[in-house]
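Enquirer: Coordinates for the following, if possible.
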Amino acid sequence: MSKKGYTAEQIINRLREAEVLLSQGQTTAAACRQLGITDQTYYRWRKQYGGMKVGQARRLKELETENSRCAIHLRVYRLGRHQEHNSQQVWRPV
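Expert: The predicted structure follows:
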C-alpha cells in the first residue's frame, strides 16, 4: 500500500467523517475502511488533531516548520562557535 500525504485540513475532515460514521453506529474498523485509512492512522490522527479546527491545525504546522528552522540555525551557530573555539587553541607538544 502506498503512503498518501494528507494535509492537516484533509485529516481534520476525515476525522469529522469518522465521527459521523461512528455516531451512526459503525465500528471504528468499518469507519476506517470506508475512509480508506487504517485503525492505527485513525487513532494517531485523533491523538494529534482531535478537537482541532482547520485554522488551529494550520497554525500547528507553521509552528512546527518554524521550530525546525530555528533548530537548524541553532545547530549551525553552535558548530560555528565550536570551530571558532578550536581555531583559537594552539597545539603544543607535551
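
Enquirer: looking at it, Leu35 is touching Leu15, isn't it?
Expert: No. Leu35 lies out of contact with Leu15 (Cβ atoms under 8 Å); the separation is 9.2 Å. Backbone N, C-alpha and C define where each C-beta goes, glycine included.

Enquirer: what sits in contact with each of those two?
Expert: Between them, Leu35 and Leu15 share these contacting residues under Cβ atoms under 8 Å, 6 or more residues apart in numbering: Tyr42.

Enquirer: the more surrounded of those two?
Expert: Leu15 (20 against 16; other Cβ atoms under 10 Å).

Enquirer: ok, now how distant is that one from Thr41?
Expert: 11 Å (Cβ to Cβ, to the nearest Å).

Enquirer: Flag every buried residue along the helix or strand hosting Gln34.
Expert: For Gln34, the host element (DSSP states H and E) is helix 28-35. Of the residues in helix 28-35, 31-32, 35 count as buried by neighbour count, 16 or more other Cβ atoms under 10 Å.

Enquirer: For those residues, give me JSON lines that also has pLDDT.
Expert: Listed next are those as JSON lines, based on pLDDT from 0 to 100:
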{"residue": "Ala31", "pLDDT": "96"}
{"residue": "Cys32", "pLDDT": "96"}
{"residue": "Leu35", "pLDDT": "94"}
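
Enquirer: Roughly how far does Gly55 sit from Ile12?
Expert: Distance of Gly55 to Ile12, computed by Cβ to Cβ: 10 Å.

Enquirer: Which one's more surrounded, these two?
Expert: Ile12 (21 against 10).

Enquirer: on that earlier part again, what's the overlap in contacts for Leu15 and Thr41?
Expert: Here Leu15 and Thr41 have no joint contacts, going by Cβ under 8 Å, 6+ apart.

Enquirer: check contacts around Thr28.
Expert: So Thr28 contacts 18, 22, 39, 42 (Cβ under 8 Å, 6+ apart).

Enquirer: Quick check on those: which are buried?
Expert: Buried subset of the contacts of Thr28 (neighbour count, 16+ other Cβ under 10 Å): 18, 42.
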